[in-house]
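>>> here is my input, please return the structure:
(one chain, ligands or ions: 1)
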Amino acid sequence: MAMKVTVIGLGYLGATHAVAMAEMGHQVIGIEADSKRLSALQEGKLPFYEPGLDEALARVIASGKISFKSGHDEDSRDADVHFLCVGTPQVTGSYAADTSYLFSAVDALAPYLSPTAVVAGKSTVPVGTAKTLTERLSKGAGFAAHLVWNPEFLREGTALEDSLRPDRIVIGVPSGDDHSEKVMRSIYEPITNGDTGSPAGQTPFLVMDVATSELVKVAANSFLATKISFINAMAEIAEASGADAVRLAEAIGMDARIGSLFLRNGIGFGGGCLPKDIRAFMARANELGVGSAVDFLADVDAVNLRRRERVVELAKRELGSLTDKRILMLGAAFKPDSDDLRDSPALMVALKLAQAGAHVVIHDPMALHGIKDRYPQLEPIEDVFEAAKGADIVVLGTEWKFYRELDASKLASVVSGKTVIDGRNALPYQSWQEAGWKVIALGRNLENA
Ligand code: UDX
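Take a look at the predicted model:
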């Protein structure tokens with residue numbers, strides 16, 4: 001049954017969720033306070049790059065299923081569900097998550113909330129936040145508000161697919177609130193009954209207490225981050241012992257208990273979620289007096305940051321001093337199929353190389369916007385062969401398909417030094433070697449391969 005929803009906060013998560021809800025047939029009001037972002041969306045433009053989402057946005061605008069506003073108005077009053085999708089960034093100078101946008105969002109919603117409407121929080125939050133938000137919202141509204149937590153697991157690059165055909169749907173419901181559970185089950189019916197292309201009747205719908213649902217997201221992201229840092233720690237051992245972390249990952253990943261995903265070693269994890277979530281988790285565990293339970297996440301973070309340094313060490317090993325050396329960084333985004341630069345390992349390595357005195361030219365198929373203004377120490381160039389001209393060394397920071405398919409011979413003909421540091425273990429190294437390149441891949445000893 002089509003329902004009416006508002007989606008509050010149209011960043012990555014909110015914009016994707018709003019479009020997904022409209023694609024499911026619901027009537028969606030998207031609410032965004034940032035006027036630039038709002039007008040872009042009203043014109044059918046996405047303020048970020050996400051494959052397939054722009055076409056879906058155009059579709060739902062054309063079908064009249066979605067509208068965008070700067071704030072609530074009378075139209076919000078009869079919404080069945082209000083989704084909270086505002087950001088919870090890392091507080092400057094601390095590891096904690098800043099939940100103030102959520103509190104502002106419920107304050108703005110309270111005057112328009114109906115007693116039967118369900119508020120569903122999707123933002124990633126420190127455990128315990130939902131309880132405080134419920135108290136605040138109920139006080140503002142003047143009645144006991146229905147608030148549930150509904151964590152979102154979408155990955156950038158496959159965000160729409162993850163929203164329409166998720167692995168599982170998780171809802172944290174306060175005990176006894178059968179009304180909220182019923183409403184949430186019907187809002188997600190197009191997924192659970194197979195209308196969105198998900199296997200009918202097979203998407204798990206997990207109902208649990210609110211605190212557990214808040215923890216699910218940070219626990220999942222902490223586990224993924226740990227897995228990546230585990231293989232990166234193995235890469236450090238491999239580098240010191242002449243072993244090969246890629247073959248190692250292949251061999252351990254075949255154990256079904258371990259699994260092969262998220263075992264790619266390289267310059268590590270970045271983006272808007274994993275780094276901030278493990279830090280916020282440590283901060284929250286400390287507040288709860290159980291900080292030592294997640295002390296290991298500090299090591300997960302440290303291993304991750306060390307891999308970025310490793311590239312600088314390798315460049316120095318190859319070139320000696322980096323002063324006035326020309327380095328080409330292939331990739332700026334934190335992962336392929338995204339133009340997101342938040343805590344991007346590729347960008348951070350580029351900045352470190354520049355700080356060490358190199359002239360760093362940076363290329364990315366999608367994410368060069370804004371680099372010129374924000375990072376004047378880097379030189380963004382849009383044509384990869386132009387960017388490679390005279391480079392003393394090339395570093396791969398983001399494993400775009402574009403780079404995996406790059407003509408290594410053509411690139412070799414324009415650079416000054418034919419050495420590439422593959423920070424993602426993504427290049428077909430044999431064809432690069434055949435084209436005359438010395439390939440250094442993190443965690444590998446290609447001479448032994
Ligand atoms: C992540 C979670 O996967 C998603 O479920 C959650 O909702 C949001 O956070 P995302 O940030 O889009 O999603 O990216 P993800 O695919 O998880 O990659 C995170 C980082 O880890 C990237 O920088 C990626 O390059 C890196 N990574 C991933 C590795 O270094 N090795 C791997 O094996 C996998």
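
>>> for His363, give the beta-bridge partners.
Note on His363: beta-bridge partners by DSSP bridges are Leu330.

>>> how near is it to Leu378?
Counting by Cβ to Cβ, to the nearest Å, the separation of His363 from Leu378 is 10 Å. The C-beta positions use only the backbone N, C-alpha and C, and glycine is treated the same way.

>>> what do those two both touch?
Common neighbours of His363 and Leu378, using Cβ atoms under 8 Å, 6 or more residues apart in numbering, are Met329.

>>> looking at those two, which is more packed in?
A count of neighbours by other Cβ atoms under 10 Å puts His363 above the other of His363 and Leu378, at 27 against 21.

>>> so what's Ala387 up against?
Leu328, Val361, Ile362, His363, Ile381.

>>> separation between Arg165 and the ligand?
Using Cβ to the nearest ligand atom, to the nearest Å, one gets 14 Å for the distance from Arg165 to the ligand.

>>> wait, I meant Ile171
Taking Cβ to the nearest ligand atom, one finds Ile171 at 16 Å from the ligand.

>>> again, but for Val218
Separation of Val218 from the ligand (Cβ to the nearest ligand atom) stands at 10 Å.

>>> about what we covered before: just the contacts of Ala387 now: which is nearest Glu399?
Using Cβ to Cβ, His363 comes nearest to Glu399 of those, at 13.5 Å.

>>> hmm, the closest one is touching Glu382, no?
Yes. Counting by Cβ atoms under 8 Å, His363 touches Glu382, with 7.3 Å between them.

>>> list buried residues within the contacts of Ala387.
Taking 16 or more other Cβ atoms under 10 Å as the criterion, what is buried in the contacts of Ala387 is Leu328, Val361, Ile362, His363, Ile381.

>>> can I get those residues in CSV including pLDDT and distance to Glu55?
CSV is the format used below for the buried ones among the contacts of Ala387 (pLDDT from 0 to 100; distance: Cβ to Cβ, whole Å):
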residue, pLDDT, distance to Glu55
Leu328, 98, 33
Val361, 98, 33
Ile362, 98, 29
His363, 98, 26
Ile381, 98, 29
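
>>> interface residues of the stretch 251-400 of the chain facing the ligand?
Proximity of the stretch 251-400 of the chain to the ligand (Cβ under 6 Å from any ligand atom) is limited to residues 262-264, 266, 268-271, 273-274, 334-335, 345.

>>> from the residues you listed, which is closest to Ala130?
Closest to Ala130, out of all of these and judged by Cβ to Cβ, is Cys273, at 18.7 Å.

>>> surely the closest one touches Pro151?
No. Assessed by Cβ under 8 Å, Cys273 is found out of contact with Pro151, at 11.4 Å.

>>> okay, and the common contacts of those two?
Counting by Cβ under 8 Å, 6+ apart, the contacts common to Cys273 and Pro151 are Thr124.

>>> check what pLDDT the closest residue in space to Lys217 that isn't next to it in sequence gets.
Residue nearest to Lys217 in three dimensions, not counting chain neighbours: Pro151, with 3.9 Å by Cβ to Cβ, 6 or more residues apart in numbering. In this model, Pro151 is scored at 98, pLDDT.

>>> so which helix or strand takes in Pro151?
For Pro151, there is no helix or strand it lies in under DSSP states H and E.

>>> what is the neighbour count of it?
Pro151: 23 neighbours (other Cβ under 10 Å).

>>> ok, it - contacts?
Counting by Cβ under 8 Å, 6+ apart, the residues that Pro151 touches are Lys122, Thr124, Val170, Gly172, Ser213, Glu214, Val216, Lys217.

>>> circling back to that earlier point, so can I have JSON lines of the residues of the stretch 251-400 of the chain next to the ligand showing pLDDT and secondary structure?
Shown next, in JSON lines, are those (pLDDT from 0 to 100; DSSP: H, G, I helix; E, B strand; the rest coil):
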{"residue": "Phe262", "pLDDT": "98", "secondary structure": "coil"}
{"residue": "Leu263", "pLDDT": "98", "secondary structure": "coil"}
{"residue": "Arg264", "pLDDT": "98", "secondary structure": "coil"}
{"residue": "Gly266", "pLDDT": "98", "secondary structure": "coil"}
{"residue": "Gly268", "pLDDT": "98", "secondary structure": "coil"}
{"residue": "Phe269", "pLDDT": "98", "secondary structure": "coil"}
{"residue": "Gly270", "pLDDT": "98", "secondary structure": "coil"}
{"residue": "Gly271", "pLDDT": "97", "secondary structure": "coil"}
{"residue": "Cys273", "pLDDT": "95", "secondary structure": "coil"}
{"residue": "Leu274", "pLDDT": "97", "secondary structure": "helix"}
{"residue": "Phe334", "pLDDT": "98", "secondary structure": "coil"}
{"residue": "Lys335", "pLDDT": "97", "secondary structure": "coil"}
{"residue": "Pro345", "pLDDT": "98", "secondary structure": "helix"}
